[in-house]
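1. Have a look at this fold, sequence not included:
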Ligand code: ZN
């Protein structure tokens, strides 16, 4: 188990150092902002839609290693998904990380984002880990109108 935790930490550090899809998105259809005052994380999520699909997802901003790594993992996981699928996935990840999900969690249901599960042991960092996800969820909700 210790080896696995080390691996998770490696993945998180790697993503925070080399975030995926980091940078502005030209002609974005929507941008949502996530701000975590307790840590100073300030992340913006940028979306582009193509019909019912989420064709591009980028993020910008500043934050701690966990908030950036989580945003990086998120954009990689949701880009290319159907909007309806992305909505369900985003809610699932938020519920799981924040411990609201009472059902047994399979790592398969989280995909590459399973590395974020380790954050549950550090309640202070849960806000950091879910910041970008809440921003994305807000942006996807607006698409209903
Ligand atoms: Zn943070």
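-> The structure has been received and is ready for your questions. Everything quoted here is computed from the prediction, not taken from an experiment.
2. What ranges does this protein have for its strands?
-> Ranges of strands in the chain, per DSSP state E, are 30-36, 41-50, 53-62.
3. Just checking: what are the partner strands of the first one?
-> Yep, that's strand 30-36 we're talking about. In the sheet, strand 30-36 lines up against strand 41-50 (antiparallel) (DSSP bridges).
4. Would you mind naming what in this structure lies close to the ion?
-> Residues of the chain lying close to the ion (C-beta under 5 Å from the ion) are 39, 41, 64, 67, 128. In short, each C-beta sits where N, CA and C put it, glycine included.
5. most surrounded residue in those?
-> Among the residues of the chain next to the ion, residue 67 has the most neighbours (other C-beta atoms under 10 Å), with 27 neighbours.
6. Low-confidence regions, this structure specifically.
-> Applying pLDDT under 70 to the chain picks out residues 1-2, 4, 142-145.
7. what's the spacing between the nearest residue to residue 114 once chain neighbours are set aside and residue 7?
-> Among residues not flanking residue 114 along the chain, residue 107 sits closest, at 4.0 Å (C-beta to C-beta, 6 or more residues apart in numbering). Applying C-beta to C-beta, to the nearest Å, the value for residue 107 to residue 7 is 12 Å.
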